[in-house]
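J.: What shape does this take:
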Amino acid sequence: MTEIHDMLFQIMVILLAARICAEIAVRLHIPAVIGEITAGILLGPSLFGLLEPNQMIKLLGEIGIILLLFEVGLQTDGSRLLHSGIKSLVTAIGGFVIPFILGFLVSFYLLEYPMIVSLFIGGALTATSIGITIRVLESLGKQNESVGQVVLGAAVIDDVLGVVLLGLLFESTLSGQIDFGNAARVALFIGSFFILAPVAAKFMSFLIHYFDHSSLLPGLIPTTVMSLVLFFAWLAHYIGAPELLGGFAAGLALSRRFFLPFGLAIKTDERFALRIYEQMKPVMQLFTPIFFVLVGLSVDLSNIDWASTSLWVASSILFIVAVLGKLAGAYMANAPLAERIATGLAMIPRGEVGLIFIELGRSTNILNNEVYVIMLLVIVLTTILPPFVLKWYYQKYQHKLS
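T.: Numbers count the residues shown, from 1 in each chain. Presented below is the predicted three-dimensional model:
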């Protein structure tokens, strides 16, 4: 059993290593999450073997992933869907369905992986990282232009569809088989959860807002919001869905733009929503890097046969599927060709959302070490390369995108 002083030292090492590696990555114009994963690889069995993913680190990583989905939900803006309209919807559905089907078919029939493994691979390829996409578009000053609005709207839809798919796949891992009747039941539960939980959380946020004015002690918002996130994470698990669904629902409820089904809207005090984000941001910045370090700690690259032809063939095929799937989804939208290509490039980064998929697959023993590494390579490449390609594309074809 790990002693308390050893645990404290391990947490210190994780936080410092994550920060240093993330800083280096950003200075090299690489997403910070890649640096944090690298920190885990350096500290874990792949290289120095200083740390291993014990129960304490896994718990902190679990809180980190819940808060990560909370942040995704918090940044979800329903108004983007209204502004970008049918283009976002077509791009999102195409960019979700095509990579999922292609990823599954290639994995199951060509690479001959088991069905549940192939489903997880297809699911991971549906993801689009809102965080990375937003940063790239902002750096280009294009977030408010046509392509930017379509991409952001489509990324929101992709995230919602991806989280629901994650819940269905999670249920399949628990039962050990694909049961469509059971999947329908879980889909019903998840749908009800997404409708009712944010509504309940919204009214609870009104209480938080009210008591925030009368509290005599500082720190009421992070304490109560963190409690709300953890409660909804527990509630999600109680209905048979992954805990991270609860974090997403809580973030969705507290976002500045929250829309109920059928056009009914609950108005949100945007200043209060911004205060929630500002006061929760340090908490999220503390825990979420631990999840990405855990991703690096959980993989043992030293046991991988890097000379294996099958590893590089599988990685290359799935990388091509990941790229073509998003480009094909964007191509379905009714827009000039240059805009469709730019939209597809912006939708390619998988980032943290793809990592959530494969980490759930690894933690439930669905993905073995080699398949996990293959998918990690695909996600890293689809996260690092597209921002550079997108910047080059905008510089070369700016006249066609203005």
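J.: May I have the phi/psi pair for D305?
T.: In terms of degrees, to the nearest 10, the main-chain angles of D305 are phi -80, psi 90.
J.: repeat for S298
T.: phi -80, psi -10.
J.: how many neighbours does it have?
T.: 24 (other Cβ atoms under 10 Å). Any C-beta I mention is one placed from the backbone N, CA and C, and that applies to glycine too.
J.: Can you verify my assumption that it contacts R362?
T.: Yes: proximity of S298 to R362 meets the contact threshold set by Cβ atoms under 8 Å, at 6.0 Å.
J.: which residues do these two both contact?
T.: Y372 (Cβ atoms under 8 Å, 6 or more residues apart in numbering).
J.: who's in contact with the residue positioned nearest the centre of the chain?
T.: Closest to where the C-alpha atoms of the chain average out (Cα atoms, centre = their mean) is V353, at 2.0 Å. Each residue near V353 by Cβ under 8 Å, 6+ apart is listed here: V72, A127, T128, S129, I130, D159, G162.
J.: quick one: it from L69, how far?
T.: 9 Å (Cβ to Cβ, to the nearest Å).
J.: Which pLDDT value belongs to F108?
T.: F108 is assigned a predicted lDDT (pLDDT) of 93.
J.: is it true that it touches S118?
T.: Yes: using Cβ under 8 Å, F108 is in contact with S118, at 4.0 Å.
J.: Can you pick out the residue with more neighbours from the two?
T.: More crowded of F108 and S118, by other Cβ under 10 Å: S118, with 21 against 17.
J.: name the element the more buried one belongs to?
T.: helix 115-124 (DSSP states H and E).
J.: got the buried residues for that helix?
T.: The neighbour-count check on helix 115-124 (16 or more other Cβ atoms under 10 Å) flags I116, V117, S118, L119, F120, I121, G122, G123, A124 as buried.
J.: The fourth one touches F104, doesn't it?
T.: Yes: between L119 and F104 a contact is recorded at 6.0 Å, counting by Cβ under 8 Å.
J.: picking up where we left off before, report all helices and strands that the helix holding S118 contacts.
T.: If you count contacts as 3 or more Cβ pairs under 8 Å, 6 or more residues apart in numbering; DSSP states H and E, helix 115-124 packs onto helix 78-105, helix 146-175, helix 351-363, helix 369-396.
J.: how about 6 Å then?
T.: Where contact means 3 or more Cβ pairs under 6 Å, 6 or more residues apart in numbering; DSSP states H and E, helix 115-124 is packed against helix 78-105, helix 146-175, helix 351-363.
J.: Just the mean pLDDT for the longest one, thanks.
T.: What it means is helix 146-175. Computed over helix 146-175, the average pLDDT equals 73.
J.: before we move on, what about stretch 222-235?
T.: 86.
J.: how far out from the middle of the chain is it?
T.: Centre-to-centre, stretch 222-235 and its host chain are 19 Å apart (Cα atoms, centre = their mean, to the nearest Å).
J.: same check, this time on stretch 9-27
T.: 20 Å.
J.: go on, stretch 192-211?
T.: For stretch 192-211, the distance to the chain centre is 23 Å (Cα atoms, centre = their mean).
J.: Likewise for stretch 305-312?
T.: Using Cα atoms, centre = their mean, the offset of stretch 305-312 from its chain centre is 28 Å.
J.: buried set for that stretch?
T.: L311.
J.: distance between the ends of it?
T.: 10 Å (Cα to Cα, to the nearest Å).
J.: for stretch 361-369, same thing?
T.: Stretch 361-369: ends 11 Å apart by Cα to Cα.
J.: ok, and what's touching it?
T.: I116, V117, F120, T173, S298, Y372 (Cβ atoms under 6 Å, 6 or more residues apart in numbering).
J.: 7 Å instead, please
T.: Contact with stretch 361-369 is made by I116, V117, F120, T173, S298, V299, D300, N303, I304, I358, Y372, M375, as judged by Cβ atoms under 7 Å, 6 or more residues apart in numbering.
J.: now, which of the residues you listed sits nearest L59?
T.: Relative to L59, the closest of the contacts of stretch 361-369 is S298; by Cβ to Cβ it sits at 14.1 Å.
J.: How about the closest one, nearest residue that isn't a chain neighbour?
T.: Among residues not flanking S298 along the chain, P53 sits closest, at 5.4 Å (Cβ to Cβ, 6 or more residues apart in numbering).
J.: swap in G296?
T.: Nearest non-adjacent residue to G296 (Cβ to Cβ, 6+ apart): G40, at 2.0 Å.
J.: What does the pLDDT read for the one you found?
T.: 90.
J.: related to what we said a few turns ago, now distance to V150 too, for the contacts of stretch 361-369, in CSV please.
T.: Formatted as CSV, those follow (distance: Cβ to Cβ, whole Å):
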residue, distance to V150
I116, 33
V117, 33
F120, 28
T173, 34
S298, 35
V299, 35
D300, 41
N303, 43
I304, 39
I358, 27
Y372, 33
M375, 27
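J.: all helices of the stretch 201-350 of the chain, in order?
T.: Using DSSP state H, counting those that start in this stretch, the helices assigned to the stretch 201-350 of the chain run over residues 220-238, 244-254, 270-297, 309-331, 337-347.
J.: Report pLDDT for Q75.
T.: On the pLDDT scale, Q75 gets 68.
J.: go on, Y372?
T.: At Y372, pLDDT is 88.
J.: Leaving out the residues flanking it, which one is nearest to it?
T.: Nearest one to Y372, counting by Cβ to Cβ, 6+ apart, is R362 at 4.9 Å.
J.: residues near the one you found, how many?
T.: 20.
J.: if I look at it, how far off is M375?
T.: 9 Å.
J.: Show me whatever sits in contact with both of the two.
T.: Joint contacts of R362 and M375 (Cβ under 7 Å, 6+ apart) do not exist.
J.: hang on, the earlier thing: look at the residue nearest to S298 and give its secondary structure.
T.: coil (DSSP: H, G, I helix; E, B strand; the rest coil).
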